[in-house]
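1. sequence and predicted structure below; questions after.
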Amino acid sequence: MAVFDVENLKVGYGKLEILHGVTFKVEKNELFVIVGPNGSGKSTLLKGLFGLATIMGGKILFNGEDVTKLPPHERSKKGLAYHPQLNNTFENLSVRENILLAGYFLDRDELERRLEKVLEFLPEIRGFMDRKVRTLSGGERQMVAFAMNMIKEPNTVMFDEPTAALSPKMADLIFDRIVKLKTEYGLTVVLVEQNAKKALELGDRAMLLVTGTVKFLGPADELLTHEDLASMYLGLRD
Amino acid sequence: MIDPNILLDALVYSNMLALLSLSLTLTIMTLKVANFAHGDLAIIGVYGAYTFIVIAGLATYLTMPLAFLFGGIYAVLCYLLIYSPLRRRGANFVMLMIASMAIDIATRALLQIYADLLKFNFKVYSRAFIFNDFTANILGVQVRGLVLVSSLSVIALLALLYILLMKTKFGVAMRAAIENPALAEVLGINVEKVYATSWFLAGGFAGIAGFFLPFRIPTSPDLGFIILLPIFAASILGGINSLSGAVVGGYIVGFSEILGTYLLSQPPINLSTAYRPAIPFTILIITLLLLPQGIASLWSRGD
Amino acid sequence: MINLFLLLVDIGTMYGVFLILSASMELEYGELGIPNFGKVMFFAAGAFAVGALAVRLGTWLAGIQWQGEFKTKSILYSTAVSNYFATHPLQALLVFAVTLVVAAVFGAILGIVASYPAIRLREDYLAITLIAAGELFRIFGRNYDPFIGGTMGVGVPDILAWMPPGTKEAGYIALSLSFAAASWLILYRLSTSPFGRALRAIRDEELAAATLGKDIVKYRMKVLALGSAMAAVAGVIYAYYMGSVLADDFNPLKTFLVVLMVVLGGSGNPYGTLVGVAVYIFLDRTLALLKHYIILPFDINYAAMLFFGVILLLVLMYRPEGIIPERPLLTIRAKFCRTKEGKLEKRLCK
């Protein structure tokens, strides 16, 4: 059974439709990459999958269950996590408080246990646990957001451009952890990326979105080496 | 030399104003728009308490929790029945503001009708009523009970609010939902519940402040609108987004208003005390023009 | 028994007064996006100008020697001046013209002063600032007796006293409605002109309008000056019609009613004000009539206030665009053309 089984999904904001019916599946324990030019609806798709944008038609099955009409926190309870591109941490709270909030519904012992595991996975955070987020660098903030998702021990994580505006070194670190989610923890990952080349190299399968419609769906390396699509929409040439 | 009684009166008035400006600020932080019906919450609280005093014969100070309850419930109802649905329907800033103006008009009308009914059914004073106070003897000095009760209430409520916001999980969630409601929602926090709780607390604080009113001045349904200007002045002076600023603003405006009115009404100026609103108005104008971020910007970065 | 003629006079005159106020609110809020919650202050500015000047000018023209306090004697002298006006129509019109000009200029100046905070402040801060300013103005009128008689109010001479009995009332309707028509036409012309388009551009996207070279500060100042002068003119007509000015009459409830009319009718559309004012006056008069037939254990005026508050909330919630919604402005004349389904529709034809 696929993790996501999305059928003819139409998503938008208010009355404006941005995604005009996309159909795809995400299989268990795969790294599914979504690429496309600016404004193609990548972020909107993730928001639709998480319940943050208006669903105007179609159907989303998550682990076989229809979640099309569920609010975000209900989807969250089913093991789906979403890592937004911006505003993904609370500026005026400390890192500890941010992570505590992410594990809002856990009891104290369980939270401590999970926090230990998360800190093993992202040891860098130990260094700034009690600082307010607004004093952190962009990369550090992404790590906090990452940790906030991990504390929920999800089975599926969706990342929206987690490396945007980060230094190459920091971006590599984040990519490395994302891959680990799949290989070491057995999670399913949906990754939206601007850095198409890097993402397609790491990904198992990929989808190319252009102005709200699917232009390609298949193995990631196939898209990477696709003569027309890669150069036309992703600016990749070899 | 200023009469010590005037200083004590200023303290009582400022205690009240601090609670009101603090609670107004709390609602502005969740709604992002100033609520023009905030003063009315205080009057709802005091009418609730008064009803139990004259009908059930409860001792005056025992009805304080009732004032909290009535103010809180009315505030929650305003939020859940009007502000929140309006916002979900995409109402903009000005529409929310107009809604709060409509709530103010409707609330005052309700209070007037209630006052009429109270008088009609129970033959009691329902307008311009006052509360009798006790006098405490502290180290040989006679002090009005209200001075003690209002000061202790402010201290206790501030301490409780601080503990709630800083030391409890729910408080962290409240701060988070205020800062970034979208993200809080993503994390599974029921933002609506958190906001409704903020409104309940704010209404409760306003209700307690309202409870202090009849000890000082005759209280009538329209008083809520009259005290709105000093509340706004205090909240804006405090920086609108700062709870600590709102409290400090309350004391500055409160003392300025009472002492300023007193001094201006003395010879050689002899100005009518009717011009009293000019003082919070002046503070408001000066703040908005010279220090639009409020005094809280002098010591913190909005937390 | 209710005198139908007087009822109609009252409805017609008040329709005119409220239409001027609504047109000015619509200009500021509906077109430019500044909700002027201090509307009653500018309304009061006109009425207070009449209260302070009309009886003084009248006694001076009539050569009447003033004896005694202004506060206690103004009603008496305004009656004397009315008697003088009954035989001196030119002097009456002169007093009207002078007070009208003074009031309009006073209103415009206040509007320019108000534009200073209006340009700089967030809407809710601006609102409380203007409400408070209006209240202080009222408190001043109430407490400083030589201005407009303090708590006693001031008498205003009847400038139409020279008209034959029975036609005088019609004269007030005509006066009120002609100024209302002029105000509404100003609003209409402005809103369908390039000036109106600029205002809406500023309302909807301030930054974008600024980058297109619109001087936002100047637009707002002009609109507030004009809107406030209009409100002052409404105050002038109101004062002459009522025959007296009482400071406490000019409380923030008046502003609320004007906001109600504009939102109810449909802000952003000049036709909305015509309808909004009519609906309000209809409801208000109906409630006033009911007073004679219903006995309640509370004052029905409060029930009316509650009713209007709830109406405004319901409109905001279920029909925020009002009875007549705003439409995209067409400065090019639209024609009726057929849609695909064959229905007639007024729009630009392809």
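-> Looks like it arrived, so ask away. Residues are numbered from 1 along each chain as shown, chains lettered A, B, ... in the order given.

2. next, the buried residues of the longest helix along chain A.
-> Ordering each helix of chain A by length in residues (DSSP state H) puts helix A:168-183 first. Buried residues in helix A:168-183, counting neighbours by 16 or more other C-beta atoms under 10 Å in any protein chain shown, are found at A:M170, A:A171, A:L173, A:I174, A:F175, A:R177, A:I178, A:L181, A:K182. Glycine gets a C-beta too; all of them are placed from N, C-alpha and C.

3. quick one: average confidence on the helix or strand just after that helix?
-> Counting by DSSP states H and E, the element after helix A:168-183 in chain order, helix or strand, is strand A:188-192. Averaged over strand A:188-192, pLDDT sits at 95.

4. need the contact partners of strand A:188-192.
-> Outside strand A:188-192, the residues within contact range by C-beta atoms under 8 Å, 6 or more residues apart in numbering or on different chains are A:3-4, A:26-35, A:42-43, A:45-46, A:49, A:155-162, A:178, A:181-182, A:199, A:202-203.

5. CA atoms only: put that strand into CSV for me.
-> The C-alpha coordinates for strand A:188-192 follow below in CSV (Å, rounded to 0.1, in the frame of the first residue of the first chain):
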residue,chain,number,x,y,z
THR,A,188,9.1,8.1,3.9
VAL,A,189,10.3,11.5,2.7
VAL,A,190,8.7,14.0,0.4
LEU,A,191,11.2,16.7,-0.6
VAL,A,192,10.5,19.9,-2.5
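
6. that one pairs with which strands, parallel or anti?
-> strand A:31-35 (parallel), strand A:156-160 (parallel) (DSSP bridges).

7. least confident secondary structure element in chain A?
-> Of all helical and strand segments in chain A, the minimum by mean pLDDT, DSSP states H and E falls on helix A:227-233, at a mean of 78.

8. before we move on, the earlier item: other SSEs contacting the longest helix of chain A?
-> strand A:31-35, helix A:138-150, strand A:188-192, helix A:196-202 (3 or more C-beta pairs under 8 Å, 6 or more residues apart in numbering or on different chains; DSSP states H and E).

9. buried set for the lengthiest helix in chain C?
-> When chain C is parsed with DSSP H, its longest helix is helix C:89-120. Residues of helix C:89-120 classed as buried: C:91-92, C:95-96, C:99-100, C:102-104, C:106-108, C:110-111, C:114-115, C:117-119 (neighbour count, 16+ other C-beta under 10 Å).

10. how near is the closest residue to chain A within chain B to chain C?
-> Residue nearest to chain A within chain B: B:G188 (3.7 Å; C-beta to the nearest C-beta). Applying C-beta to the nearest C-beta, to the nearest Å, the value for B:G188 to chain C is 29 Å.

11. tell me, how many neighbours does whichever residue of the stretch 51-200 of chain B sits closest to chain C end up with?
-> Among all residues of the stretch 51-200 of chain B, B:A106 sits closest to chain C, at 2.9 Å; criterion: C-beta to the nearest C-beta. For B:A106, the count of nearby residues is 23 (other C-beta atoms under 10 Å in any protein chain shown).

12. which strand or helix spans the residue of chain B most remote from its centre?
-> Ranked by distance from the centre of chain B (C-alpha atoms, centre = their mean), the top residue is B:P268, with 34.2 Å. Here B:P268, judged by DSSP H and E, is contained in no helix and no strand.

13. low-confidence ranges in chain A?
-> A:236-238 (pLDDT under 70).

14. that should have said chain C, apologies.
-> If you take pLDDT under 70 as the line, chain C has these spans: C:1-2, C:212-214, C:328-350.

15. count of neighbours near C:G150?
-> Quick note: C:G150 (other C-beta under 10 Å) scores 18 neighbours.

16. from chain B, how far off is it?
-> Distance from C:G150 to chain B, by C-beta to the nearest C-beta: 10 Å.

17. swap in C:T79?
-> Taken as C-beta to the nearest C-beta, the span from C:T79 to chain B is 29 Å.

18. am I right that A:A2 sits in a strand?
-> No - judged by DSSP: H, G, I helix; E, B strand; the rest coil, A:A2 forms no part of a strand; its state is coil.

19. residues in contact with it?
-> A:A2 sits in contact with A:K25, A:V26, A:E27, A:K28, A:L61, where contact means C-beta under 8 Å, 6+ apart.

20. again, but for A:A81
-> Contacts of A:A81 (C-beta under 8 Å, 6+ apart): A:N149, A:K152, A:P154, A:T156, A:V157, A:M158.

21. in chain B, which spans are strands?
-> B:135-138, B:141-144 (DSSP state E).

22. which helices and strands does the first one pack with?
-> In this structure, strand B:135-138 packs against strand B:141-144, helix B:145-167, with contacts taken as 3+ C-beta pairs under 8 Å, 6+ apart.

23. if we can go back for a sec, which helices and strands sit right next to the least confident helix or strand of chain A?
-> Checked by 3+ C-beta pairs under 8 Å, 6+ apart, helix A:227-233 has strand A:205-210, strand A:213-219, helix A:220-225 packed alongside it.

24. contacting residues around that helix?
-> Against helix A:227-233 from outside (C-beta under 8 Å, 6+ apart): A:V35, A:G36, A:P37, A:L208, A:V210, A:K215, A:F216, A:L223, A:L224, A:L236, A:R237.

25. tell me which residues of that helix come out buried.
-> Neighbour counts over helix A:227-233 (16+ other C-beta under 10 Å) mark A:L229, A:A230, A:Y233 as buried.

26. thinking again about what came up before, just name the most buried of the helices and strands packed on strand B:135-138.
-> Ranked by mean neighbour count, the helices and strands packed on strand B:135-138 are led by helix B:145-167 with a mean of 16 (mean count of other C-beta atoms under 10 Å in any protein chain shown).

27. quick one: contacts of that helix?
-> Residues contacting helix B:145-167 (C-beta under 8 Å, 6+ apart): B:8, B:11-12, B:15-16, B:18-19, B:22, B:61, B:64, B:133-136, B:138, B:170-172, B:174-175, B:201, B:205, B:208, B:212, B:215-216, B:243, B:247.

28. recalculate using a threshold of 6 Å.
-> B:L8, B:V12, B:N15, B:A18, B:D133, B:F134, B:A136, B:G171, B:I208, B:F212, B:F215 (C-beta atoms under 6 Å, 6 or more residues apart in numbering or on different chains).
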